[in-house]
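Colleague: Need a 3D model of the sequence below.
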Amino acid sequence: MGNSYEDECRRALAEEQAKSLAETDDWKNVERERVHHDWDVLYREITTLLGGDPMPGDQQVQELVGRHFDIVCRFYIPSRQAYVGMSLFYAEDEAMRTFHDSYHPGLVEFMGAAIRVFAEQGSGFAPAQGS
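Modeller: Prediction:
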């Protein structure tokens, strides 16, 4: 997955989020406190696994990433590319990296790898825009 794929993922994330924000009046339909609570619980569960040196494709990891995807879907159902784009955003945006790595140094990289596996193998994604 080279740079052009990553650029496609970044574009998909930006386009799909902008469309969703416009259609939902800035995600007014989302219970943000609940979402943040659920992500907090999830990230704490993931970090407990990191001490055991899990692989991003391990079944237990993928089940947790599936829960992450389900939380994302409260906002909108992303395409595979947009979901991978989200992991790139976590890594490239300083505030998002700091937030995620506050749970565990390396959480961003681990989640990025696990999200890529999930996107390659998972179902339930929206079709990529322009497809």
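Colleague: Enumerate every residue touching residue 49.
Modeller: In this structure, residue 49 makes contact with 60-61, 64, judged by Cβ atoms under 8 Å, 6 or more residues apart in numbering. For glycine as for every other residue, the C-beta is placed from the backbone atoms N, C-alpha and C.
Colleague: of the residues you listed, buried ones?
Modeller: The neighbour-count test (16 or more other Cβ atoms under 10 Å) applied to the contacts of residue 49 identifies 61, 64 as buried.
Colleague: Considering the contacts of residue 49, which is situated nearest to residue 34?
Modeller: Ranking these by separation from residue 34, with Cβ to Cβ as the measure, puts residue 64 on top at 18.0 Å.
Colleague: in the chain, which helix has the most residues?
Modeller: With DSSP state H setting the assignment, residue counts place helix 3-23 as the longest helix in the chain.
Colleague: Show me what that helix is packed against.
Modeller: Contacting helix 3-23 under the criterion 3 or more Cβ pairs under 8 Å, 6 or more residues apart in numbering; DSSP states H and E are the following elements: helix 80-92.
Colleague: residue ranges of the helices in this structure, please?
Modeller: Applying DSSP H to the chain gives helices spanning 3-23, 32-50, 59-72, 80-92, 94-101, 107-121.
Colleague: Out of those, which is closest to residue 127?
Modeller: Comparing these against residue 127 with Cβ to Cβ, the closest turns out to be helix 80-92 (9.3 Å).
Colleague: If you count neighbours, what's buried in stretch 96-115?
Modeller: 97, 100, 103-104, 107-115.
Colleague: That should have said stretch 66-74, apologies.
Modeller: Counting neighbours by 16+ other Cβ under 10 Å, the buried set in stretch 66-74 is 67-69, 71-72.
Colleague: same deal with stretch 36-43?
Modeller: Neighbour counts over stretch 36-43 (16+ other Cβ under 10 Å) mark 38-39, 42-43 as buried.
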